[in-house]
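Visitor: kindly generate the corresponding structure for this input.
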Amino acid sequence: MFKFYGVLLEKRPVITKSITGGLISFFGDVITQLCTTFHYLVIEKKEFDVKRNINFTLINCFLGGPAFHTWYCKVLPKLQTLLFPNVRKIIKVFNSMLLDELLFGPILYTAFYMVHTM
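Guide: Numbers count the residues shown, from 1 in each chain. Okay, here's the model as predicted:
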């Protein structure tokens, strides 16, 4: 199964990562709703929030998957080569984290909240 997933990542990386992100988001939200709202679901007989679950799943499929692939596989390596051409690996890791937090994080969070509130 992992070999098949690896083949899919090589042949169609964006689609594979988008579907994977959507599935992780779907099951993560199911677990979160069941754990954090157990009291409301069981005792107060509130319903599972399907709209929220679908929203998170679609955001990760169509925003998260392509954005993460583009940033980590295309943009970040080019930025590292351009800005920090000859650095040791530990410094490269620190620089990656810095670029991730200062550039990609704010853009992704802004896009997430814009899409999530629609």
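Visitor: from residue 108, how far off is residue 72?
Guide: 12 Å (Cβ to Cβ, to the nearest Å). For glycine as for every other residue, the C-beta is placed from the backbone atoms N, C-alpha and C.
Visitor: how about the contacts made by the residue most central in space within the chain?
Guide: When Cα atoms, centre = their mean is applied to the chain, the residue found nearest the centroid is residue 64 (4.3 Å). By Cβ atoms under 8 Å, 6 or more residues apart in numbering, the residues touching residue 64 are 18, 21, 25, 108, 112.
Visitor: helices or strands next to the helix or strand the third one falls within in the packing?
Guide: Mapping residue 25 onto the secondary structure by DSSP states H and E places it in helix 13-36. Counting contacts by 3 or more Cβ pairs under 8 Å, 6 or more residues apart in numbering; DSSP states H and E, helix 13-36 is packed against helix 2-11, helix 50-59, helix 65-69.
Visitor: tell me the angle of the second one relative to helix 13-36?
Guide: This points to helix 50-59. 150 degrees (axes from the mean of the first three to the mean of the last three Cα atoms, to 10 degrees).
Visitor: and helix 50-59, what's buried?
Guide: The neighbour-count check on helix 50-59 (16 or more other Cβ atoms under 10 Å) flags 53, 55, 56, 57, 59 as buried.
Visitor: please apply the same query to stretch 107-118.
Guide: For stretch 107-118, by 16+ other Cβ under 10 Å, it's 108, 112.
Visitor: could you export it as CSV, CA atoms only?
Guide: Below are the C-alpha coordinates for stretch 107-118, written out as CSV (Å, rounded to 0.1, in the frame of the first residue of the first chain):
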residue,chain,number,x,y,z
ILE,A,107,-0.3,34.0,3.8
LEU,A,108,-1.8,30.6,4.5
TYR,A,109,-3.5,31.7,7.7
THR,A,110,-5.0,34.7,5.9
ALA,A,111,-6.2,32.6,3.0
PHE,A,112,-7.6,29.9,5.4
TYR,A,113,-9.7,32.4,7.4
MET,A,114,-10.9,34.2,4.2
VAL,A,115,-12.1,30.9,2.8
HIS,A,116,-13.4,29.5,6.1
THR,A,117,-15.7,32.5,6.8
MET,A,118,-17.3,32.4,3.3
